[in-house]
Each structure stands twice: as C-alpha cells, then as structure tokens.
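> Test case, fold it:
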Amino acid sequence: MNTPVSLNSTVEKTVFPILFAISFSHLLNDTIQSLIPAIYPIIKNSYHLSFSQIGLITLTFQMAASLFQPFVGMYTDKKPQPYSLAIGMGFTLIGLVTLSLSKDFYTVLISVALVGTGSSIFHPEASRMAHAASGGRRGLAQSIFQLGGNAGSSIGPLLAAWIIVPNGQVSIIWFSAIALLAILILSRVGKWYKAYIVVLKAKQALKQQSVTATFSKNKVIFSVVILLVLIFSKYFYMASLTSYFTFYVIDKFHVSVQGSQIYLFVFLVSVAAGTLIGGPVGDRFGRKYVIWFSILGTAPFALLLPYANLFWTGILVVPIGMILASAFSAILVYAQELIPGKVGLVSGLFFGFAFGMGGIGSALLGKLADGTSIGYVFHICSFLPLIGILTAFLPNIETKRK
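Residues are numbered from 1 along each chain as shown. Now for the predicted structure:
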C-alpha cells in the first residue's frame, strides 16, 4: 500500500493489493455486523423478546445502515473523503462495546443503530475505492469487495457459536479488536486513495471507461425501478434466512442453538462462495445474464426448501446461497454503467436500499411469524425469487473501452 502512485497503477491497472485490503476490511466489518443476528437466540431468551421485537432490532440496524448511504454517496461524488472509512469503523467500534454491555432491549436498539451508522459510512465509499482500483474490471473488483463482506457474514455466526454462546453477551466486547484492526487497515487504504485523487485531478482528460448514453431518462428510471424490485426480492428472501433460519431449524428439527448456528454458517459460506461468480462472469458475458440466473435460478431450490428434511435443508441452502449471491455485484455494476459518473450515489442507493429491504423484511417477517408460524414464513418467502422474471424488461448495456 505504500507503493508510489503512478498513472498506470492508479488508472490503467487493477490494483489488487488495494482491492484485497478493502475486501479484508469488508470481511472485518461484516463479521461484526453478522454478530447481531447471530446472538438473537441468546437475547431473545435473556430479555424474553417476541419475534416482532427481534424484527425491530433488525429493522433499527438495517435502517441506520441504509438511510444515510445515498447521502454519503452523493456527498463523496462531489467531495471524496479518503479517511471516512476509518471514521465509520469508529462508530461500529462504539456500537460493539455498547452492545456487549447493554442490559435491556432499548440499549440494544441504540447499539445496533451505531453499528448500522458505521456501515452506512463504510459501504458507499468502499465501493467507490474498489471502483477506483478496478482498472476497468469493475465486475471483478465489486466481486472481490463483496466476497470479503459475505465471508465476514458467514464467519460471524460461527464465532458467535464458539465464543458468545458459551461466554455470554459480554464476550461481544472481545470483537472490538477486529474493529481496531479494520481502522488501521482503512487508514492505510485512505492514504492510497488520497494519492489516487491527486493523480486523477492532475489528469482530467484521462478516462478509462465510458458508457454510451443510448437510453432516455424515462428508460433509465424504469430500469432502476426494476433493479430495485429485484433487490427487494433478493433481500426479503435473504432476511428470512439470515434472521430466522436458526429459529426455523430449531423449531422444525429441534436442533440446539449451537447446531442452528452451524446450519446458518453453511448458508452464509455458500453466499460467500457464490459472490465471486457474478462480477467476472458479468464482465465477460454481460450483467443482464448474470442477473437473470442469480435471481430466477434460485427459485427451484427455494420452492423445495419448506418441504425438505434436515439433511436436504442443509443441502438446499448451498445452491440457494451460491446462486443468489451472484446477483448483487452484477446489479450494482449494471446500475453504475446505466448512470455513469455517479459511482457513489449509485452505490449508496443500492447498498442502502438492500440494507433497508433486509431490515423491513425482517420486521415484517417477524410479525408474520408471531401471527402464524416460522414454517409459514419460509413457505411464503419461497415464492420471492420468481420475481426475477422481471429481468426480461432490462435493456442490454454495451460498455466501450476507449
């Protein structure tokens, strides 16, 4: 990361050390975030919470993590902030410490809101830095970035099963070391990005990629709406799995809390493994084809899941996670190419909307689970991937390299 910044290294070539550093920081960030749903069985018993209250915790976290993202993205489009990632991680650190010491439901809400605020600062600018280091391979860069996040999301429940379940809620504070490490790494990445901005401003005439503006404003708006509906289907379904899958296997198959975390880990590892597929394949064959496959291709496995026994449940969540995970990188880069020059705004909008849908979905599904059953929730959600058929209405985008 201390390599001298040159024109070639910052603009023309893919800067893998920076991409890996951002991806690893994303892993650390999302490891912390994934501790929140992973401890739901613990705090549900400790505080005697309903599923609606569990959903409200997720809603608070996801709304804090989503509402600020478009505004952060719009601001940094105009005024890039190289050290904002480290600052955002500082909010996460404070929230983590507060969560470990919380004694009631409302303190938990405040704690997860602080962690969510750190996330809302992290994601738009980290996505912009990944774009800057891509060297034109935008899909690959986003996939590497997303891989770190999804890997972190899969590690969190496993660490919770090993550390937090045996040692209690207070042991969450041990994970503050992860936040401190992330702050250190992101400070170094900030130095690289600051130098990148200097070079970029000095070379105003140089531009690596451009997208031919062949679509009307109405067509762009229509396409963005379709993309957001696809995000809705993906993240509502993801919310059923990330927030309630542990309760589902406990209720239906009577496994232990630690055993349920293992099944959640299997799903989240599958998500991490599938993340790297969408971006590079989209770079080569087109984003639209990846979006088709990643949303609609999940449907057969999702429809079978509510009828599967424990063994097949563990098998089915693997293709569900892998196929569904390939969607976001392709959708995000597709949107960035649809609206060129607004990387921060697009990243903030789509990350924010994704987090918001996850939070709203979790709250609504928790309310539905209280009124019916957790099994009924999974039956209803199994139809959501069928919304992927809307991909047919998206235009084909051609990116030309100059």
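
> And the strands in the stretch 301-402 of the chain?
When assigned using DSSP state E, counting those that start in this stretch, the strands of the stretch 301-402 of the chain occupy the ranges 399-401.

> so where's it shaky on pLDDT?
398-402 (pLDDT under 70).

> Sketch out the strands for the chain, chain order is fine.
For the chain, applying DSSP state E gives strands covering 209-211, 399-401.

> Name the single longest helix found in the protein.
Longest helix in the chain, counting residues (DSSP state H): helix 217-253.

> Can you list the buried residues in that helix?
Neighbour counts over helix 217-253 (16 or more other CB atoms under 10 Å) mark 223-224, 226-228, 230-250, 252 as buried. Where C-beta positions appear, they are placed from N, C-alpha and C, glycine not excepted.

> mind showing which ranges of the stretch 151-300 of the chain have poor pLDDT?
Low-confidence segments of the stretch 151-300 of the chain, defined by pLDDT under 70: 200-214, 278-279, 282.

> What's the per-residue pLDDT of the spatially most central residue of the chain here?
Nearest to the geometric centre of the chain sits Gly149, at 6.3 Å (CA atoms, centre = their mean). We have a pLDDT of 81 for Gly149.

> Contact partners for it?
Contact analysis of Gly149 by CB atoms under 8 Å, 6 or more residues apart in numbering lists Ser23, His26, Leu27, Asn29, Asp30, Thr275.

> Including neighbour count and distance to Thr117, could those go into JSON lines?
Shown next, in JSON lines, are the contacts of Gly149 (neighbours: other CB atoms under 10 Å; distance: CB to CB, whole Å):
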{"residue": "Ser23", "neighbour count": "22", "distance to Thr117": "22"}
{"residue": "His26", "neighbour count": "27", "distance to Thr117": "17"}
{"residue": "Leu27", "neighbour count": "23", "distance to Thr117": "20"}
{"residue": "Asn29", "neighbour count": "28", "distance to Thr117": "12"}
{"residue": "Asp30", "neighbour count": "25", "distance to Thr117": "15"}
{"residue": "Thr275", "neighbour count": "28", "distance to Thr117": "24"}
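
> Hmm, which of those residues is lowest in pLDDT?
The minimum pLDDT among those falls on Thr275, with 76.

> need the contact list for that one.
Ser143, Gln146, Leu147, Gly149, Asn150, Ala325, Ser326, Phe328, Ser329.

> Pull the most distant pair out of the contacts of Gly149.
Asn29 and Thr275 (14.8 Å; CB to CB).

> Distance-wise, check the residue nearest to Thr76 when sequence neighbours are not counted relative to Val199.
Once flanking residues are discounted, Thr76 sits nearest to Gly344: 4.5 Å by CB to CB, 6 or more residues apart in numbering. Distance, Gly344 to Val199, by CB to CB, to the nearest Å: 19 Å.

> Looking at the two, which has the bigger crowd around it?
Gly344 (26 against 15; other CB atoms under 10 Å).

> surely that one meets Ala126?
No - using CB atoms under 8 Å, Gly344 is not in contact with Ala126; the gap is 10.6 Å.

> In stretch 356-372, which residues are buried?
In terms of neighbour count (16+ other CB under 10 Å), stretch 356-372 has its buried residues at 356-370.

> Let's see it as PDB, backbone CA atoms only.
What follows is stretch 356-372, C-alpha atoms only, in PDB (Å, rounded to 0.1, in the frame of the first residue of the first chain):
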ATOM      1  CA  GLY A 356     -33.400  -1.200   4.100                       C
ATOM      2  CA  MET A 357     -35.200  -4.100   2.500                       C
ATOM      3  CA  GLY A 358     -33.400  -6.500   4.700                       C
ATOM      4  CA  GLY A 359     -34.500  -4.600   7.800                       C
ATOM      5  CA  ILE A 360     -38.100  -4.100   6.700                       C
ATOM      6  CA  GLY A 361     -38.300  -7.700   5.600                       C
ATOM      7  CA  SER A 362     -37.000  -8.900   8.900                       C
ATOM      8  CA  ALA A 363     -39.500  -6.800  10.800                       C
ATOM      9  CA  LEU A 364     -42.500  -7.800   8.700                       C
ATOM     10  CA  LEU A 365     -41.500 -11.500   8.700                       C
ATOM     11  CA  GLY A 366     -41.100 -11.400  12.400                       C
ATOM     12  CA  LYS A 367     -44.600 -10.000  12.800                       C
ATOM     13  CA  LEU A 368     -45.900 -12.700  10.400                       C
ATOM     14  CA  ALA A 369     -44.100 -15.400  12.400                       C
ATOM     15  CA  ASP A 370     -45.700 -14.200  15.600                       C
ATOM     16  CA  GLY A 371     -49.100 -14.300  14.000                       C
ATOM     17  CA  THR A 372     -48.600 -17.700  12.200                       C
END
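
> oh, and call the first residue 370 from now on, that's how I've got it
With 370 as the first residue, the last one maps to stretch 725-741.
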